[in-house]
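[1] Okay, here's the prediction I keep looking at, along with the sequence it came from:
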Amino acid sequence: MSLLFLHFESDERASRVQKLAKSGAHVMVSEPRWPGFWEIAKREKPTVVAVDFTHAPSHALETADYISKARETREAALYLLHVPEDRLEIVHKRLPKAAIVTVPELADRLAQLEREAQARALEKKEAAAVARRTAAAAKQAAKKAMAAAGKPSAKKQKAVSKSAAAGRRKASAPAKKSASRAVQKKKPKASRPAKRK
């Protein structure tokens, strides 16, 4: 699971990134400046985007609004950090699906999402292993059924059919020659003039 954390360069950014990284999520950091954050978002396709409002809240709001509406990122979970009190109303109106959280709350949610993602990956892995075992068992059963029925395997059938075809060719070749000899023997002999006495 991946997180795109948008925060202007500052002293507190490094400590916040460390707290979020402890959740187990892959954290990518960028400033909420165009087009830098957008290039990362398009390329990495993060599962979660977090926008910190500590510095330049108006700019952070515009960035979060763009991320929530863009085709490439609108499915990502959007979290907002350190939203000032005077911006809460406008944030709720413009970003109704975004959750306003603290850094520890976000870290807890990321840890939960990471556990769920790992559980889904394990389920997929187990399902693939079961499918492989089932296919192998079906193949083995088909081989046993062929052996029990006395039918030769596909390789043996191919070899037998090749040898039978070669035998037919050999057998048919002399038959043609003998038939042509028989035709030659049946040709009428040239009539000889009768001997005079």
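    All right, it came through fine. Residues are numbered from 1 along each chain as shown.

[2] From now on I want contacts and neighbour counts done on CA atoms only, so please keep to that.
    Will do.

[3] residue boundaries of the strands in the chain?
    According to DSSP state E, the chain carries its strands in the segments 2-6, 26-30, 48-52, 77-81, 99-101.

[4] now the second one: mean pLDDT?
    Pointing back at strand 26-30 there. For strand 26-30, mean pLDDT rounds to 90.

[5] could you pull out the helices for the protein?
    11-21, 36-44, 57-69, 88-94, 103-149, 154-185 (DSSP state H).

[6] most tightly surrounded among those helices?
    Mean neighbour count (mean count of other CA atoms under 10 Å) peaks for helix 57-69 among these, with a mean of 18.

[7] From the chain's centroid, how far away is it?
    Computed by CA atoms, centre = their mean, to the nearest Å, the chain-centroid distance of helix 57-69 equals 32 Å.

[8] just stretch 77-97 next, same as before
    36 Å.

[9] Quick check: pLDDT value at the residue nearest in space to the middle of the chain.
    Nearest to the mean C-alpha position of the chain, by CA atoms, centre = their mean, lies residue 124 at 11.8 Å. Residue 124 carries a pLDDT value of 87.

[10] same check, this time on the one 5 residues further on
    We note a pLDDT of 85 for residue 129 in this prediction.

[11] With respect to residue 144, which of the strands of the chain lies nearest?
    strand 2-6 (48.5 Å; CA to CA).

[12] what helices or strands is that closest one leaning on?
    Packing contacts for strand 2-6, counted by 3 or more CA pairs under 8 Å, 6 or more residues apart in numbering; DSSP states H and E, involve strand 26-30, strand 48-52.

[13] can you put the helices of the chain in CSV and add distance to residue 79?
    Below are the helices of the chain laid out as CSV (distance: least, CA to CA, whole Å):
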stretch, distance to residue 79
helix 11-21, 13
helix 36-44, 15
helix 57-69, 9
helix 88-94, 11
helix 103-149, 8
helix 154-185, 61
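
[14] lowest-confidence stretch among those helices?
    Note on the helices of the chain: lowest mean pLDDT is at helix 154-185, with a mean of 56.

[15] Need phi/psi at residue 97.
    Main-chain dihedrals, residue 97, degrees, to the nearest 10: phi -90, psi -10.
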